[in-house]
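Asker: got a predicted structure here, sequence first:
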Amino acid sequence: MNVAIIGASGYTGLELIKILINHPKFNISYIANSSGEMNVQDLHPSLKNVINMDVNLANAQDVAKVADLAFLALPHKTAMAFAKELLALGIKVVDLSADYRLSLENYEKHYCEHGDKENIKDAVYGLPEYFKEDIKKAKLIANPGCYPTASLLALLPFIDYIETENPIFIDAKSGVSGAGKNPSDTTHYCQINDNVHAYNPFKHRHMPEIQEKVKILKGKELAINFVPHLLPLTRGMLVSVYATLKDDIDVNEVLNNAYKDCEFIRLRDKPVDVKSVAGTNFCDLFVTKNGKALFVSSAIDNLLRGASSQAVVNANILCGYEEYEGIPKIAYVP
Ligand SMILES: NC(=O)C1=CN([C@@H]2O[C@H](COP(=O)(O)OP(=O)(O)OC[C@H]3O[C@@H](n4cnc5c(N)ncnc54)[C@H](OP(=O)(O)O)[C@@H]3O)[C@@H](O)[C@H]2O)C=CC1
Ligand SMILES: CC(=O)N[C@@H](CCC(=O)OP(=O)(O)O)C(=O)O
């Protein structure tokens with residue numbers, strides 16, 4: 001199947017190219033950014049002698065001539081304009097931005113006015129472990145945020161077993177590539193190097209995304225206290241969930257039962273780390289308890305399981321391929 005990548009000059013766009021070059025079923029037929037008129041090797045010198053393609057100025061009509069499915073690796077707000085046009089042209093869309101992840105009401109509360117109120121209703125949240133049947137039938141996939149991916153995979157199996165009156169904390173840490181390729185004061189080398197800090201505590205836009213999906217899947221409206229941190233790493237995400245158990249349960253059994261048939265979840269018997277998942281679609285999970293205190297830890301690669309490889313898994317499921325086809329599994333270790 002021919003596919004397009006729009007936003008190919010960004011960090012997640014590059015990861016999409018790298019995965020799709022080796023994919024047994026997808027063929028990259030169109031790549032674009034906001035300017036075009038260059039070769040992909042000018043954008044990404046790391047792809048020299050690997051792929052030789054023109055980069056186009058992104059245009060939905062042109063996509064429709066050469067592709068059946070498009071990956072949108074674009075900023076929020078920009079993505080919805082392209083998605084709307086592509087869907088009208090009969091192109092399936094996997095959107096890596098936040099534009100279709102939330103209900104219309106929640107989106108407009110936490111982002112901005114929505115420019116595609118028609119399609120947001122039918123978008124499917126692309127967390128394969130929980131929405132696979134819906135993904136199979138979708139035309140538009142909203143790929144989850146990186147923090148919600150790591151947080152939901154750790155938290156969801158325990159929702160039925162924790163005291164929901166006590167605070168639930170999610171302490172999350174991300175590598176700097178999570179902020180995209182454009183540098184800012186916060187991501188400047190001198191600010192990030194040898195440093196670590198929290199940002200937007202209890203106010204980050206991924207908190208409502210986590211809460212909304214817990215409500216949909218578990219029927220519970222929970223106050224989840226989400227605090228992200230920035231780490232001096234290029235890629236990687238480590239999430240720690242702290243909550244209180246109702247009863248003395250076997251926490252490993254809960255996790256095992258939740259994910260026993262899941263290709264891309266690995267249960268670890270020691271606390272997880274980001275390097276063991278870097279370059280892969282795995283989410284590694286570890287759980288332990290101290291009396292009623294619960295600790296669940298999850299690690300993903302923010303650019304892959306948190307974005308591009310999860311997007312290709314969603315496309316695999318959507319197209320009726322095996323979910324693991326062409327998906328990276330070997331980590332960048334050491
Ligand atoms: N980085 C991460 O870890 C994660 C990112 N995401 C989401 O994925 C999306 C992409 O993120 P990321 O790759 O980090 O972002 P980058 O900032 O690295 O890249 C953005 C891309 O969008 C392109 N672009 C911007 N405006 C336009 C336009 N009007 N027309 C065509 N192309 C345009 C840019 O092209 P140009 O070079 O021409 O400006 C660039 O290729 C975002 O929505 C982000 O929130 C989701 C999960 C994790
Ligand atoms: C380190 C860093 O800045 N991370 C980004 C999240 C990136 C991401 O996955 O989320 P979206 O797709 O919702 O942008 C942030 O905190 O906004």
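Answerer: Arrived safely, thanks for sending. Ligands and ions are numbered 1, 2, ... in the order given.

Asker: gap between whichever residue of the stretch 151-300 of the chain sits closest to ligand 2 and L304?
Answerer: The nearest approach of the stretch 151-300 of the chain to ligand 2 comes at G178, 3.0 Å away (C-beta to the nearest ligand atom). Where you see a C-beta, it was placed from the backbone N, CA and C, and this is true even at glycine. According to C-beta to C-beta, to the nearest Å, G178 stands 12 Å off from L304.

Asker: cool, Y125 as well?
Answerer: 18 Å.

Asker: neighbour-wise, which of the two wins?
Answerer: L304 (27 against 24; other C-beta atoms under 10 Å).

Asker: surely the more buried one touches K329?
Answerer: No - between L304 and K329 there is no contact under C-beta atoms under 8 Å: 10.5 Å.

Asker: what do the two both touch?
Answerer: Taking C-beta atoms under 8 Å, 6 or more residues apart in numbering as the contact rule, L304 and K329 both touch T280, N281.

Asker: tell me who's in contact with K137.
Answerer: V124.

Asker: from I210, how far out is it?
Answerer: 25 Å.

Asker: what parts of the stretch 201-334 of the chain come near ligand 1?
Answerer: N302, L303, G306, A307 (C-beta under 6 Å from any ligand atom).

Asker: ok, for the third one, nearest residue in space, not its chain neighbours?
Answerer: Read it as G306. Nearest residue to G306 in three dimensions, chain neighbours excluded: C146, at 2.7 Å (C-beta to C-beta, 6 or more residues apart in numbering).

Asker: any idea how far ligand 1 is from the one you found?
Answerer: In this view, C146 and ligand 1 are 4 Å apart by C-beta to the nearest ligand atom, to the nearest Å.

Asker: now do the same contact list for that residue.
Answerer: C146 neighbours (C-beta under 8 Å, 6+ apart): S174, G178, M237, I300, N302, L303, R305, G306, A307.

Asker: surely L104 touches H114?
Answerer: Yes - between L104 and H114 there is a contact at 5.8 Å, judged by C-beta under 8 Å.
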